[in-house]
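>>> Below are the sequence and a predicted model; questions follow.
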2 protein chains.
Amino acid sequence: MADVVSLVQGVLGGNIRSIAKSISLVENDLPEKEELLKKIYPHAGKAVIFGITGPPGSGKSTLLDRLIKTNRGRGKKVAVAAVDPSSPFSLGAILGDRIRMQSHAADPGVYIRSMASRGHLGGVASATIDTVKILDAAGFDYIFIETIGVGQAEVEVATLSDVVLLVLIPGMGDEIQAMKAGVMEIGDIYVINKKDLDGADRLKAEIEYILNLANGNSCPLHPVKMVSAEKNEGIDELVSTMDEYVDHMKSNGALMERRKENIKKELQTLISSKVRHLLENRFSISECLECWAEDIFNGEIDPYSMIQENITSKLAEKELPS
Amino acid sequence: MADVVSLVQGVLGGNIRSIAKSISLVENDLPEKEELLKKIYPHAGKAVIFGITGPPGSGKSTLLDRLIKTNRGRGKKVAVAAVDPSSPFSLGAILGDRIRMQSHAADPGVYIRSMASRGHLGGVASATIDTVKILDAAGFDYIFIETIGVGQAEVEVATLSDVVLLVLIPGMGDEIQAMKAGVMEIGDIYVINKKDLDGADRLKAEIEYILNLANGNSCPLHPVKMVSAEKNEGIDELVSTMDEYVDHMKSNGALMERRKENIKKELQTLISSKVRHLLENRFSISECLECWAEDIFNGEIDPYSMIQENITSKLAEKELPS
């Protein structure tokens, strides 16, 4: 059993070992988890949380590497929670990215953590939320939640942030075309990476056109910035844009609103995760699953009646007094 | 209120209107849903369920179109449950695909249904499971669950089938390379589409090499078939392979095992979905969320204590007698 009080003290003091240990505790869902998080929570709220997402191949990790360097250069502490979906379609690419980011391994002002997805994404979302609180309480100024924009669930994790950076590159053809339909709901700042590629200007114009349409030209636009992470071009300007965007959100109350919205989303995720756990234990679902499936397979009962008999009715009779 | 008994009779008689109405009832989670499914379930189990997945751009829908035509040509009834993730990165492409499949609209032996993802993927997975049961009971010989392989959750839906077709194309570079790491767990039959493209032979050789390695050369390999859906080449052979594969699975007991495994996966999905619903109602989560978030935002309580006070403790005290 980890000593929660000293672990929390370590985290608040920015001790990397304590931070790593706390995140593992959260990821592995150990019994001390809730006590730890209750003690951590009041100390969170000072960091700015950036979500960074975009399709595979858009160069998010290289960009993130640049953003870390630039922010370190001005004395900011930066942490990354990288969400690895275990999708078969992205596994290797992500591993490669992580290795690239090892260049910061020796810098105590940088902490990079991969959130492994074990089995279900609900679990990762919940662990990511908790991890961000730990990193926030540990005194990091900027925390990036990096996700590969490969599926709905993965993209949603990135929106549990103050500001979402959507990274795109020219020439992704149909997929980018298609993506535009949903683009408005996600990004706060649009980053066109690999700006030297053909079609970068057109992509920028198209995004701006769509953003204009959606806004009815009335509210200030989301910034669309062109960079080349590879060549380290446009990064300083992007960092300034990010600062200004956050300042603007602070001054007009948008940041407060966003955080309130995120608390709601986080609560829902945490509730689902917690309840899944409770029920798993209460009804010994893992142990019973085998024999339930056997009965269903043999045609003795259908799954809907099975659930009603073994779970729903037991929950309902005791707990719906009114 | 729909009359469930006559609806079920319609479904069992293969009436398209009844099928469509039943699926809508399931998708919209109407009160009659469980009664309907309990009556439907005993009549399911005769169809062969194929999952078909692969990265965006691999030509799944064109291939599916060919498979439908070929199977119709030999008198088989075919249904498709197409899972649309509302990922911003694939929206448009999918819509395009659906339109293409409209060519079967006039054929009563073909039924194509898009499973819209509203909000959360757990909901789609659960609705897809129910929809497949309805289509199965309605007498379709082959049912395809088509998903875009963009995220973990999306891919998982495709595995709720008897046989998974993984569709790949040459020249997708890094992403296919990366995908290989996880490829073994998903596919039963590997389909290399656009076989005229450069690199098709190499992709086939690579997949076979990896499959050989993983099998230790001991068990019969998963088939790797080359087709061109566009040019209608290799489709008959693929259909024969699919038949043989299913026959083989039937004779060696693998199909039975797969179906038992799927019942377990389905139960877990249905339980999650059901419980989410129950709790939502019991604790009025949607209504309370706003004020809970407000209290958390104001620092009066942390989310972990909030969940414990409002949900966990209420569940626990009444329901953990032993």
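Received it, and whenever you're ready, just let me know what you need.

>>> Residue A:195: what secondary structure?
Remark: residue A:195 carries the secondary structure label coil [criterion: DSSP: H, G, I helix; E, B strand; the rest coil].

>>> Need phi/psi at the spatially closest residue to it that is not a sequence neighbour.
Of all residues not flanking residue A:195 in the chain, residue A:226 sits nearest, at 4.0 Å (CB to CB, 6 or more residues apart in numbering or on different chains). C-betas here are computed from N, CA, C, even on glycine. Here is the backbone geometry of residue A:226 (degrees, to the nearest 10): phi -100, psi 130.

>>> Now do residue A:226: how many residues are near it, please.
20 (other CB atoms under 10 Å in any protein chain shown).

>>> residues contacting it?
When contacts are counted by CB atoms under 8 Å, 6 or more residues apart in numbering or on different chains, residue A:226 is found next to A:192, A:195, A:200, A:204, A:234.

>>> Just to check, the fourth one is in contact with residue A:227?
No. With the criterion set as CB atoms under 8 Å, residue A:204 and residue A:227 do not qualify as a contacting pair; they are 11.3 Å apart.

>>> out of these two, which sits in the busier spot?
Neighbour count, other CB under 10 Å: between residue A:204 and residue A:227, residue A:227 has more, with 24 against 18.

>>> which residue ranges form the strands in chain A?
Listed in chain order, the strands of chain A (DSSP state E) span residues A:48-53, A:78-84, A:110-116, A:142-147, A:163-168, A:189-192, A:224-226.

>>> which one of the contacts of residue A:226 has the most neighbours?
Of the contacts of residue A:226, with other CB under 10 Å as the count, residue A:192 tops at 24 neighbours.

>>> nearest residue to that residue other than its sequence neighbours?
Distance criterion CB to CB, 6+ apart; nearest residue to residue A:192, sequence neighbours excluded, is residue A:226 at 4.8 Å.

>>> measure that neighbour to chain B for me?
For residue A:226, the distance to chain B equals 20 Å [CB to the nearest CB, to the nearest Å].

>>> Report how many residues lie close to residue A:74.
For residue A:74, the neighbour count with other CB under 10 Å is 9.

>>> who touches it in this structure?
Taking CB under 8 Å, 6+ apart as the contact definition, residue A:74 lies against nothing.

>>> run the last query once more with 10 Å
The contact partners of residue A:74, taken as CB atoms under 10 Å, 6 or more residues apart in numbering or on different chains, are A:141, A:239, A:243.

>>> a markdown table for those, including pLDDT?
Listed next are the contacts of residue A:74 as a markdown table, based on pLDDT from 0 to 100:
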| residue | pLDDT |
| --- | --- |
| A:141 | 97 |
| A:239 | 97 |
| A:243 | 96 |
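
>>> Buried among these? Need that as a selection in ChimeraX.
Listed next is the ChimeraX selection for buried residues among these, using 16 or more other CB atoms under 10 Å in any protein chain shown:
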select /A:141,239
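
>>> follow-up on the earlier one: spit out the residues that contact residue A:204 and residue A:227 alike.
Shared between the contact lists of residue A:204 and residue A:227 (criterion: CB under 10 Å, 6+ apart) are residues A:192, A:195.

>>> ok, longest helix in chain A?
If you go by DSSP state H, chain A has its longest helix at helix A:254-282.

>>> That helix near chain B anywhere?
Yes. Applying CB under 10 Å from any CB of the partner chain, one finds helix A:254-282 in contact with chain B at A:256, A:259-282.

>>> cool, and stretch A:17-33?
Yes. Judged by CB under 10 Å from any CB, stretch A:17-33 and chain B are in contact via residue A:33.

>>> distance between stretch A:251-268 and the chain's centre?
Here stretch A:251-268 is found 15 Å from its chain centre; the criterion is CA atoms, centre = their mean, to the nearest Å.

>>> buried sites along that stretch?
Of the residues in stretch A:251-268, those buried by neighbour count under the rule 16+ other CB under 10 Å are A:254, A:255, A:258, A:259, A:262, A:263, A:264, A:265, A:266, A:267, A:268.

>>> and if you look at stretch A:37-44?
Judged by neighbour count using 16+ other CB under 10 Å, the buried positions of stretch A:37-44 are A:37, A:38, A:39, A:40, A:41, A:43, A:44.

>>> In TSV: the buried residues of stretch A:251-268, plus pLDDT.
Listed next are those as TSV, based on pLDDT from 0 to 100:
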residue	pLDDT
A:254	92
A:255	94
A:258	92
A:259	93
A:262	92
A:263	93
A:264	91
A:265	88
A:266	89
A:267	90
A:268	85
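
>>> still on that earlier bit, chain B next: which of the buried residues of stretch A:37-44 are close?
Counting by CB under 10 Å from any CB, A:37, A:38, A:39, A:40, A:41, A:44 from the buried residues of stretch A:37-44 sit close to chain B.

>>> my read: the second one touches residue B:308, true?
Yes. Counting by CB atoms under 10 Å, residue B:308 is a contact partner of residue A:38 at 8.8 Å.

>>> between the two, what contacts are shared?
Overlap between the contact sets of residue A:38 and residue B:308, as judged by CB under 10 Å, 6+ apart, is given by B:301, B:302.

>>> Quick one: residues contacting residue A:12.
When the contact criterion is CB under 10 Å, 6+ apart, the partners of residue A:12 are A:18, A:39, A:40, A:43, A:137, A:138, A:139.

>>> how much space is there between it and chain B?
15 Å.

>>> same question, residue A:8
Spatial separation of residue A:8 from chain B under the definition CB to the nearest CB is 13 Å.

>>> OK, contacts around the closest residue to that residue other than its chain neighbours?
With CB to CB, 6+ apart as the measure, residue A:39 is the residue that lies nearest to residue A:8, at 4.6 Å, once sequence neighbours are left out. Residues in contact with residue A:39, defined by CB under 10 Å, 6+ apart, are A:4, A:5, A:7, A:8, A:9, A:11, A:12, A:137, B:302, B:304.

>>> I'd guessed residue A:264 sits against residue B:296; true?
Yes. Counting by CB under 10 Å, a contact exists between residue A:264 and residue B:296, whose distance comes to 9.1 Å.

>>> how many neighbours does residue A:291 have?
Other residues near residue A:291 come to 9 when the count uses other CB under 10 Å.

>>> Pull up the gap between it and residue B:200, please.
Using CB to CB, to the nearest Å, residue A:291 is found at 47 Å from residue B:200.

>>> One more: residue A:264?
49 Å.

>>> which one among the buried residues of stretch A:251-268 gets closest to residue A:27?
Distance from residue A:27 was checked for each of the buried residues of stretch A:251-268 by CB to CB. The minimum falls on residue A:266, at 16.6 Å.

>>> mind listing what that closest one touches?
Contacts for residue A:266 were tallied using CB under 10 Å, 6+ apart; they are A:125, A:126, A:128, A:129, A:130, A:132, A:133, A:160, A:259, B:293, B:296, B:303.

>>> most surrounded residue in those residues?
The most neighbours, when those are compared by other CB under 10 Å, belong to residue A:130, which has 29 neighbours.

>>> pLDDT wise, what is the residue nearest to it when sequence neighbours are not counted at?
For residue A:130, the nearest residue in space outside its immediate sequence neighbours is residue A:26; the separation is 4.3 Å by CB to CB, 6+ apart. We note a pLDDT of 91 for residue A:26 in this prediction.

>>> Okay then, goodbye and thanks.
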